[in-house]
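[1] fold the following, please.
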Amino acid sequence: APVYSENAREGLKSLRYALSFKTQLSQPEAVNKPRSLAGYTVLIDQTGTILEHPFADRVGSNISQEEDAGRLQRLIDNARDGHQNFLHLFYFDDNREELLAGYTAISSPVTQSEDRKWIVLAVTRLDSALAARGDIRQVIFILVLGLFATNLLATLYIGRAAARQVEQLGEYALNVQCSSTPQAIPSNFAIREFNQLSGALNTMVERLKAWAEELESAWQEAKTANKLKSEFLTTISHELRTPLNGILGSIRLVKDDYCDDRDEELELLQLADGSAMHLLGIINDILDISKIEAGQVPVTIQSVDLQKVLQQTIALKRPEIEAKGLVLEIVLMENPVMVQADAAKLTHVLGNAIDNALKFTDAGKISISTRIESVSGGDSETPDYRSNAIVCIQDTGIGIDPQYHHKLFKPFVMLDGSTTRKSGGTGLGLAISRNLMELMGGTISLHSDGIDLGTTVELSLPVSTQSQRLFGKMD
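    Numbers count the residues shown, from 1 in each chain. Below you'll find the predicted structure:
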C-alpha cells in the first residue's frame with residue numbers, strides 16, 4: 001500500500017514509501033515427512049538486524065544475539081562480498097535443529113545507496129536437505145549393479161572372443177613349429193590389437209624364413225666349396241706330381257747315363273722341359289686366380305688389333321692341333337678390328353679357350369671365326385648404338401650337359417674331378433678367362449647342346465672408336 005506525505009506549502013502529496021503485508025496460512029502436515037528443498041526464508045540487513053524470520057520473536061533482533069553468531073556473521077560478510085553459497089548453521093530456530101542455509105545479497109529496496117545490502121537466506125533443515133539421500137543411494141546402487149552386470153557380460157563376451165583368438169595364435173605358433181612352410185596367420189580378428197600382432201608375427205616369420213633360406217644357401221655353398229676344395233687339392237696334387245715325376249725321371253736318366261746316345265738325352269731333356277712348362281702353367285693359374293680375387297691384377301686398356309692377336313695365338317697352338325690330327329678352320333674378317341683390351345690378357349684368354357677346345361676334342365675339327373655385332377644401349381630418348389667384336393671358337397669334342405653350364409666359370413670346378421679323368425687341368429682356365437674379360441669390359445660365354453655334341457665359346461669385346469666409325473659406315 002502506498003504511503004504519502006503532504007506538502008503544506010504547495011498542498012501536494014508525495015510518495016514516501018510502500019508498505020507491504022504478507023499473510024501466510026499454514027496447515028500442519030499429518031506426517032512430518034522431510035522433503036528436499038523445503039524450508040523458509042530469512043532476511044537480514046548488512047548490520048545484522050533480522051528483518052524477516054518465520055518466528056516473530058526473532059524479527060528486529062541482531063544476529064549477535066544468536067548462538068551461532070560467528071557463522072552468521074561470516075555468512076553476511078561473504079554475501080556482501082558478492083559470494084553465493086551455502087553454510088551449515090546450528091540452532092537458528094526454536095526447534096534447535098541443524099540447518100543448511102543458502103545465501104545471496106540484494107540491494108536494499110528502502111535506500112538509494114548501493115552500499116546498503118540485504119542478505120537473503122534460504123534455510124532448510126539438514127535432514128530435509130539430505131532427504132533424497134536414500135533415493136540417490138538407491139539410484140547409485142542400481143547404476144553400480146548395472147555397470148557390474150554390463151562389465152561382467154562384456155568381460156564374458158570379450159574374454160571368449162579373446163580366448164578364441166589367442167587359441168588361433170597358439171595354433172599358428174604350433175603350425176610354425178611343425179611345418180617348414182607355415183601358412184600366414186589370418187588378420188581378420190575382431191580386436192584391432194590382435195590384427196596388429198598377427199601382422200607383426202607374419203612379418204617376423206617371413207624374415208625368419210628369409211634368414212633361414214640364406215643360412216641354408218650359405219650352408220650349401222659352404223658344403224660345395226668344401227667339396228670343391230677337397231677335389232681341387234686332390235686334383236692339384238695329381239697335376240703337380242705328374243710333371244714333377246716326368247722332370248725327375250728324365251733328369252735322372254740323363255744324370256745316371258742310361259741314354260744310348262745324344263739324341264736320346266735331348267729327347268729326355270725336351271720331355272723334362274715340357275713337363276716344367278706345364279708345371280709352371282699350373283702355378284701361374286693358381287697365382288692368377290689369387291691375384292684376381294684380391295683385385296691385384298693390373299690391366300692396361302688400349303686399342304688392340306684383335307685379328308693380329310688372334311692370328312699370333314693360333315700360330316702358337318697350330319702345331320699341337322695338327323699333332324692331334326684335328327682340322328683347323330679359320331674364318332677371319334678382312335679388315336683389322338681394333339678393340340679396347342689388354343693385349344697380354346687377351347692373348348691369355350684366347351689361349352685358354354683354344355687349349356680347352358684342343359684338350360676335349362679327340363677327332364673332328366676346331367673352327368675359329370670373328371664377326372661384328374651391333375649392340376643398342378641407352379634409353380628410348382637417347383639411344384646408344386655401338387659395336388662389339390665377337391671371337392667364336394667351336395669344336396666337335398665331348399660337349400657338356402646344359403645343366404652344368406653355369407658351374408664352369410666358377411674357380412676349381414670341373415665336371416670330372418677325379419684323378420683318373422681323361423683330360424687334366426685345374427679347373428681355373430674358364431674362371432680366370434671370365435675375370436680377365438670382365439676387367440677388359442668384355443664377356444665370355446659357353447654353349448653346348450649336350451654330350452658328344454661339341455662346345456662353342458664366344459668372346460665379346462667393345463670395338464674402339466676408330467673401328468666404330470668404320471663399321472658404322474659399312475652398316
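[2] using CSV, write down the CA coordinates of stretch 124-140.
    Taking C-alpha atoms only, stretch 124-140 is exported to CSV below (Å, rounded to 0.1, in the frame of the first residue of the first chain):
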residue,chain,number,x,y,z
THR,A,124,16.1,-25.7,5.5
ARG,A,125,16.6,-28.5,8.0
LEU,A,126,19.7,-30.6,7.4
ASP,A,127,17.7,-33.8,7.3
SER,A,128,15.3,-32.2,4.8
ALA,A,129,18.3,-31.2,2.6
LEU,A,130,19.6,-34.7,2.8
ALA,A,131,16.2,-36.4,2.5
ALA,A,132,16.9,-37.6,-1.0
ARG,A,133,20.0,-39.5,0.1
GLY,A,134,18.1,-42.7,0.1
ASP,A,135,16.8,-42.2,-3.4
ILE,A,136,20.3,-41.2,-4.6
ARG,A,137,21.8,-44.1,-2.8
GLN,A,138,19.3,-46.4,-4.5
VAL,A,139,20.0,-44.9,-7.9
ILE,A,140,23.7,-45.2,-7.3
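[3] go through it and flag the buried ones.
    124, 125, 128, 129, 131 (16 or more other CB atoms under 10 Å). Just so you know, the C-beta spots here come from the backbone N, C-alpha and C atoms, and that holds for glycine as well.
[4] ok now do the nearest residue to the second one once chain neighbours are set aside, which residues does it touch?
    This means residue 125. The shortest distance from residue 125 to any non-neighbouring residue, by CB to CB, 6 or more residues apart in numbering, is to residue 97 (5.3 Å). Applying CB atoms under 8 Å, 6 or more residues apart in numbering, one finds that residue 97 lies in contact with 91, 125, 126, 127.
[5] the third one - nearest residue in space that isn't next to it in sequence?
    In other words, residue 126. Nearest non-adjacent residue to residue 126 (CB to CB, 6+ apart): residue 98, at 4.2 Å.
[6] surely the one you found and residue 90 touch.
    Yes: shown here, residue 98 and residue 90 form a contact pair, counting by CB atoms under 8 Å, at 6.1 Å.
[7] gap between residue 398 and residue 153?
    82 Å (CB to CB, to the nearest Å).
[8] between these two, who's got more neighbours?
    Remark: of residue 398 and residue 153, residue 398 carries more neighbours, 18 against 10, as counted by other CB atoms under 10 Å.
[9] give the contact list for that one.
    360, 361, 362, 451, 452.
[10] next one, pLDDT for it please.
    pLDDT, residue 398: 89.
[11] surely it forms part of a strand?
    No: with DSSP: H, G, I helix; E, B strand; the rest coil as the criterion, residue 398 is located in coil rather than a strand.
[12] which strands and helices lie in contact with the helix ranked longest in the chain?
    What stands out as the longest helix in the chain, according to DSSP state H, is helix 192-255. Applying 3 or more CB pairs under 8 Å, 6 or more residues apart in numbering; DSSP states H and E, we find helix 192-255 packed against helix 133-178, helix 262-293.
[13] what angle separates the last one from helix 192-255?
    Same thing as helix 262-293. 160 degrees (axes from the mean of the first three to the mean of the last three CA atoms, to 10 degrees).
[14] give the buried residues for helix 262-293.
    Buried positions in helix 262-293, judged by neighbour count with 16+ other CB under 10 Å: 265, 268, 271-272, 275, 278-279, 281-282, 285-286, 288-289, 292.
[15] what's the closest of those to residue 41?
    Closest approach between the buried residues of helix 262-293 and residue 41, by CB to CB: residue 292, at 111.1 Å.
[16] give the burial count for the closest residue to the closest one other than its chain neighbours, as a bare number.
    With sequence-adjacent residues excluded and distances taken as CB to CB, 6+ apart, residue 292 is closest to residue 435, at 4.4 Å. Residue 435 is flanked by 21 other residues according to other CB under 10 Å.
[17] the contacts of residue 398, buried ones only, as a ChimeraX selection?
    Per 16+ other CB under 10 Å, the buried members of these correspond to this ChimeraX selection:
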select :360,361
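[18] before we move on, the earlier item: mind putting the helices and strands packed on helix 192-255 into CSV with mean pLDDT and distance to residue 325?
    What follows is the helices and strands packed on helix 192-255, written out as CSV (pLDDT from 0 to 100; distance: least, CB to CB, whole Å):
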stretch, mean pLDDT, distance to residue 325
helix 133-178, 77, 64
helix 262-293, 79, 19
